[in-house]
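A.B. asks: quick one: sequence and predicted model below, then my questions.
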Amino acid sequence: MAITVKDFAMGRKTFFITPDLSLFPETYLEDYFSFGYECYFVENSKIIPLKEKIEIMIQIFHDIILIFNIDYNVEGINWAEYISELQKKYGDRVAIGVTFVKRADKDAKRKLEKMYLFDIGITCGCIQLEYQKSSNFIIIQKMLNANQAQGRRKNIRALCTKAYTFSFTYKGVLYNGTLQDISLSHFSFIFPSGKLPIKDYEKIDEVTLHLKGLFIKSGAVLMMERASGENILFVFAFVTENGMNGLNDRYRQLIIPNMYQLMSSNCKNLMDKVISSRSDENMLSRDVDDMEINL
């Protein structure tokens with residue numbers, strides 16, 4: 001399945017730059033995902049300079065929060081100077097915050113807050129992390145909430161690869177195919193016009209989803225259909241056996257890490273695709289929204 005950069009880049013995304021994994025493990029991102037926060041880690045690498053990677057990210061994602069771990073040393077980068085440059089260059093176009101581990105010097109926190117919040121003018125906070133990583137989950141969650149990192153969405157929508165399929169029986173006929181996208185509350189797929197004669201708000205008692213090795217069964221109600229070229233996009237809402245909206249608790253807990261890994265993989269593929277095009281000297285000045293990514 002091919003999507004455009006614009007399709008994937010929709011929605012607010014938070015990137016933690018060079019995080020300290022001993023204080024902030026990646027498993028936290030799966031939990032934040034369940035609350036509607038789409039977050040990713042960006043690590044330093046020898047393949048592409050960190051500054052160049054961040055410029056490409058800002059070009060791709062138009063609603064972006066960058067949280068820098070200022071305790072991480074990157075050769076050639078002074079965090080205060082670099083973040084000040086980004087703030088002056090992009091202004092409100094990019095929201096910036098910083099994290100640092102708790103200092104022994106009590107005045108150090110105050111000095112860092114003055115530098116980043118008042119002198120440089122970042123808007124997403126100067127966040128002090130504790131030595132115990134269990135404490136940092138709530139600290140970071142509060143930071144995400146304060147900066148409205150959910151954006152406008154209640155549930156994050158993951159664009160699916162060919163490994164994400166569905167099947168169900170409707171009026172004695174078996175239907176199956178590849179999912180278009182999936183969230184914790186909905187899923188969608190595209191069929192040729194006239195292939196699925198279902199009415200709005202009709203319920204299908206059991207839909208089987210094959211999510212790259214994970215099997216889920218749930219009821220579903222057709223919430224919307226709209227034209228997609230010569231085809232029809234069908235959007236269904238999950239319903240439990242008790243008629244409640246959403247997935248049952250067991251499947252919800254299973255699908256969260258699966259969806260996060262899907263989205264993380266899609267993000268990496270997207271970045272790799274755009275980075276591989278950087279040999280074009282005009283790449284950073286061109287609009288990449290229409291570039292296609294194969295899922």
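C.D. replies: The structure has been received and is ready for your questions.
A.B. asks: and residue 140, how far is that from residue 124?
C.D. replies: Using CB to CB, to the nearest Å, residue 140 is found at 11 Å from residue 124. In this view, the C-beta of every residue, glycine as well, is placed from N, C-alpha and C.
A.B. asks: let me fix that: residue 25
C.D. replies: Residue 25 is 21 Å from residue 124, where distance means CB to CB.
A.B. asks: more neighbours: these two, which one.
C.D. replies: Under the criterion of other CB atoms under 10 Å, the comparison of residue 25 against residue 124 puts residue 124 first, with 22 against 15.
A.B. asks: give me the three-state assignment for the more buried one.
C.D. replies: coil (DSSP: H, G, I helix; E, B strand; the rest coil).
A.B. asks: for it, which non-adjacent residue is closest in space?
C.D. replies: Setting aside the residues directly before and after it, residue 124 is nearest to residue 97 in space (CB to CB, 6 or more residues apart in numbering), at 3.0 Å.
A.B. asks: within the sheet, what are the partner strands of the helix or strand harbouring the one you found, with directions?
C.D. replies: Here residue 97 sits within strand 94-101, counting by DSSP states H and E. In the sheet, strand 94-101 lines up against strand 64-69 (parallel), strand 126-129 (parallel) (DSSP bridges).
A.B. asks: quick one: the helices in the stretch 101-250 of the chain?
C.D. replies: Using DSSP state H, counting those that start in this stretch, the helices of the stretch 101-250 of the chain run over residues 106-113, 133-146, 249-276.
A.B. asks: could I get these as TSV with mean neighbour count?
C.D. replies: TSV is the format used below for the helices of the stretch 101-250 of the chain (neighbours: other CB atoms under 10 Å):
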stretch	mean neighbour count
helix 106-113	12
helix 133-146	15
helix 249-276	17
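A.B. asks: include mean pLDDT and distance to residue 231 when you put those into CSV, please.
C.D. replies: Below are the helices of the stretch 101-250 of the chain laid out as CSV (pLDDT from 0 to 100; distance: least, CB to CB, whole Å):
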stretch, mean pLDDT, distance to residue 231
helix 106-113, 92, 53
helix 133-146, 95, 37
helix 249-276, 88, 22
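A.B. asks: tell me which of the ones you listed sits nearest to residue 41.
C.D. replies: helix 249-276 (8.6 Å; CB to CB).
A.B. asks: which helices and strands sit right next to that closest one?
C.D. replies: helix 5-9, helix 27-34, helix 50-60, strand 158-159, strand 203-211, strand 214-228, strand 292-294 (3 or more CB pairs under 8 Å, 6 or more residues apart in numbering; DSSP states H and E).
A.B. asks: grab the nearest non-local neighbour of residue 264.
C.D. replies: Nearest residue to residue 264 in three dimensions, chain neighbours excluded: residue 40, at 6.4 Å (CB to CB, 6+ apart).
A.B. asks: give the contact list for that neighbour.
C.D. replies: Contact analysis of residue 40 by CB atoms under 8 Å, 6 or more residues apart in numbering lists 13-16, 29, 264, 267.
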